[in-house]
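Asks: build me a model:
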Amino acid sequence: MIAKNQWGQYSIPEEISYTYTAQFILNGGVHEETTIDYLKSIGGNIIHAGAGFGDFLPALKNCDKVFTFEPNKLMYKSCLETISLNNLSNVELSSYAIGKFDGTSKLKHIDEMGQEMGPRSEMSDIGQEVKIVKLDSIIPKDCKISLIHLDLEGFEFDALLGAKEIIERDKPIIVLEIDSRAVTYNSFMESINYFPKKQLIFNSNERMVFVNTVYEYRKDIDKEYWSSNLPHPLSPNDEDVDDYKRFMIDGRTLMLGCTKKLIPISNIQMDIDPWYQSESVIKDNWLNNNTFYENIIGDGVLSFTKELADELIEMASKNCKVFITRTFTKKLPIMRIANNFPQPQDFIIKPNVTLTKKDYSFYIWQF
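Replies: Numbering: from 1, shown residues only. Okay, the predicted model is just below:
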C-alpha cells in the first residue's frame, strides 16, 4: 500500500494498516508533526529508531545524515521501499535492534490476537531472532551526532547505555517518546546528566496524544551539585561511614560514584562524569564494570530507577563478594534526583542483611 502526505510517499504493509500510525498517514496526515518539526530544526547527523515503515524519514531529507534502525523484517522491507520512493540518499537503514550489548535477542511482532504488531513490536523472550548492536559499535567515530530520537517500546534505556561513547563525546540532544513512565524516564536521564527541556505534544483530533520529551546534557550543574557538601541524610554522616566499614571485608573496594565521605574507604571510584580527577577514578558507566573487587559500595545508587537498581545488583553479584548500599526508603523534600525507594522485597536478588534507619536503609548482599 502506497500512501502520500506533504513530505512524500510511504510503503505501508497491509498487515499493519489497522494501526493508528498507518491509518493517519493513509488519510494524508503527518504523524507526530511537532516532533518531526523539532528534528528538522536541529538537523545535522541524527539517530532515529525505530524506523517503522519510515513515517519520519521523508521529512528528514535535509538532515546531513539519518542513521535509522528497524529489526522487524516486515517493517524493514517497507522502510527500504519508503527510502527508495523518496530517493533519500542521506538515510542509512540497518536491520538491527539497538541495545547495551552486541549480540542477539528476540523481537515479539505478533500480538495475542495473532496480528502483526509492526511499529508496536517489542523486545521479548519470544518471536523473531534479531541482531542487537550498540550504537557505539555501529556509528562512525568521526561522525558528530546532533540528536538521538528513540521510540523503542520501553527499550530506550538499553539503547542509551549502548551509546555512552557518543553521549560523552558529542553531548547530543536526546528525544524520547514517553507515556505513564515519565518519572522513570526522567530519573534514568538524570542519572546520565540529561534533564528535560521541553515537551513535543501531538494531539490528533483528540483521538491519540503522543508526547516526546526533549532532554539536554547539563554537565556543570551536576558536577557542582555532587562536589558540594550535601547535608545529611543526602550525604552519609560519620556513623554511616562506620556502618559501611562494619560490613566490608578485607581487600579492594570499588565505590560507584564519588561520594566525598566514602573516598577514604574505597580504593577505586567509578562514575560516568566524575566531579574530580584522580588516578583512582575510572570514568565509565557503573554497569560496565567487569573487574572483581572484594567490596563494591555505593551511596544512593539504587535510588534512581528500579531498572537501574536491579541491573547494578546483577553486576555486583558477578564482580564482588560484598555489595553495600545506603538507599533512601522515602522521598524527602530536599531531594533533587532520587525517585526509587525500594524495600527489601522489591529487589529481584534479595539482600542478605538490612540495616534500617529513619529515612534510609543499608542493604548488604553477600555473594
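Asks: which residues of this structure score low on pLDDT?
Replies: In the prediction, the chain carries residues with pLDDT under 70 at positions 179-183, 203-209, 218-229, 334, 336-337.
Asks: mind telling me what element the residue nearest the centre of the chain is part of?
Replies: Note on the chain: the residue nearest the mean C-alpha position is F157, at 2.1 Å, using Cα atoms, centre = their mean. Applying DSSP states H and E as the criterion places F157 in helix 156-161.
Asks: residues of the helix or strand harbouring D37 that come out buried?
Replies: Assigned by DSSP H and E, D37 falls within helix 33-42. By neighbour count with 16 or more other Cβ atoms under 10 Å, helix 33-42 contains the buried residues 33, 35-36, 38-40. Yep, even glycine has a C-beta here, placed from its N, CA and C like the rest.
Asks: after it, which helix or strand is next?
Replies: strand 45-49.
Asks: could you dump that next one to PDB, C-alpha only?
Replies: Only the C-alpha atoms of strand 45-49 are listed here, as PDB (Å, rounded to 0.1, in the frame of the first residue of the first chain):
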ATOM      1  CA  ASN A  45      23.500  13.900  11.900                       C
ATOM      2  CA  ILE A  46      20.600  12.300  13.600                       C
ATOM      3  CA  ILE A  47      20.000   8.800  15.100                       C
ATOM      4  CA  HIS A  48      16.300   7.800  14.700                       C
ATOM      5  CA  ALA A  49      14.900   4.500  16.000                       C
END
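Asks: what count of nearby residues applies to K260?
Replies: 16 (other Cβ atoms under 10 Å).
Asks: isn't it up against S235?
Replies: Yes. With contact defined as Cβ atoms under 8 Å, K260 counts as touching S235 (7.0 Å).
Asks: which parts of the stretch 201-350 of the chain are strands?
Replies: Per DSSP state E, counting those that start in this stretch, the stretch 201-350 of the chain carries strands over the ranges 208-217, 253-256, 268-271, 281-283, 293-299, 320-328.
Asks: tabulate these (JSON lines), appending distance to C143.
Replies: Shown next, in JSON lines, are those (distance: least, Cβ to Cβ, whole Å):
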{"stretch": "strand 208-217", "distance to C143": "18"}
{"stretch": "strand 253-256", "distance to C143": "31"}
{"stretch": "strand 268-271", "distance to C143": "26"}
{"stretch": "strand 281-283", "distance to C143": "22"}
{"stretch": "strand 293-299", "distance to C143": "34"}
{"stretch": "strand 320-328", "distance to C143": "37"}
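Asks: just so I know, which of those lies nearest K306?
Replies: Judged by Cβ to Cβ, the one of the strands of the stretch 201-350 of the chain that comes nearest to K306 is strand 320-328, at 11.7 Å.
Asks: helices or strands up against whatever helix or strand comes next after the closest one?
Replies: Going down the chain from strand 320-328, the next helix or strand is strand 353-356, by DSSP H and E. Counting by 3 or more Cβ pairs under 8 Å, 6 or more residues apart in numbering; DSSP states H and E, the packing neighbours recorded for strand 353-356 are strand 360-366.
Asks: give the buried residues for the strand it packs on.
Replies: Under 16+ other Cβ under 10 Å, the buried positions of strand 360-366 are 360-365.
Asks: so which of these comes closest to I126?
Replies: Here the nearest of these to I126, counting by Cβ to Cβ, is W365; it sits at 31.0 Å.
Asks: beta partners for that closest one?
Replies: F323 (DSSP bridges).
Asks: which residues touch it?
Replies: 313, 316-317, 322-324, 349, 351-352 (Cβ atoms under 8 Å, 6 or more residues apart in numbering).
Asks: same check, this time on A51
Replies: So A51 contacts 57, 68-70, 75-76, 79, 93 (Cβ under 8 Å, 6+ apart).
Asks: can you redo the residues you listed as JSON lines with distance to Y194 and secondary structure?
Replies: What follows is the contacts of A51, written out as JSON lines (distance: Cβ to Cβ, whole Å; DSSP: H, G, I helix; E, B strand; the rest coil):
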{"residue": "L57", "distance to Y194": "25", "secondary structure": "helix"}
{"residue": "T68", "distance to Y194": "21", "secondary structure": "strand"}
{"residue": "F69", "distance to Y194": "21", "secondary structure": "strand"}
{"residue": "E70", "distance to Y194": "25", "secondary structure": "coil"}
{"residue": "M75", "distance to Y194": "28", "secondary structure": "helix"}
{"residue": "Y76", "distance to Y194": "29", "secondary structure": "helix"}
{"residue": "C79", "distance to Y194": "28", "secondary structure": "helix"}
{"residue": "L93", "distance to Y194": "26", "secondary structure": "strand"}
